[in-house]
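> the sequence isn't on hand, but the structure is:
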């Protein structure tokens, strides 16, 4: 599944689906940060017990646009009751996030962490109960530096890389996802 996100020929809807698949897989890690309540459920063999996210503790998934959208959708799909907030650098929906909740900030790639720092400051100012950053791939030195700088933030990456790379055009994750790699504005 992770290999599909790295293949040069995988683009558009096929790449978006691969990102969602990774998000669905990472959702189980995010679930470990949530408070759970034991509940009684009707099972095919009779009454049984199960768990659900404690009411009022459902996570808020913040997708950093453009490239974080599809990984965030996969996480959101697997955590019923969660909210999905779309964030771009021109608009700010983070101000509407209620305090006291787990906030999951999702981006496809962490290269330097520069854009992430500002968002994490905003989320922290909103009074998040806990903050988890999720990335498809993170440049190991940048993720390690962010973790040292922000000890109250947890970092989850599907893959850590020892190579930093900022894409352009056909190598940019967002452009490959949205089919805009050949546009003049992407070069």
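Ah, there it is. All values derive from a computational prediction rather than experimental measurement.
> for the helix or strand hosting residue 76, packing partners?
Element membership for residue 76 (DSSP states H and E) is helix 69-78. Contacts defined by 3 or more C-beta pairs under 8 Å, 6 or more residues apart in numbering; DSSP states H and E place helix 69-78 against helix 12-31, strand 60-64, strand 83-87, strand 102-110, strand 130-139. (Each C-beta comes from the backbone N, C-alpha and C, glycine too.)
> at 7 Å what do you get?
helix 12-31, strand 60-64, strand 102-110, strand 130-139 (3 or more C-beta pairs under 7 Å, 6 or more residues apart in numbering; DSSP states H and E).
> dump those into TSV; add distance to residue 150 and mean neighbour count as well.
Converted to TSV, these look like this (distance: least, C-beta to C-beta, whole Å; neighbours: other C-beta atoms under 10 Å):
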stretch	distance to residue 150	mean neighbour count
helix 12-31	18	19
strand 60-64	15	25
strand 102-110	11	26
strand 130-139	8	24
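> which one of those lies closest to residue 76?
Proximity to residue 76, assessed across the helices and strands packed on helix 69-78 by C-beta to C-beta, is greatest for strand 60-64 (4.8 Å).
> partner strands of that closest one, with direction?
Paired strands of strand 60-64, with direction, are strand 83-87 (parallel), strand 102-110 (parallel) (DSSP bridges).
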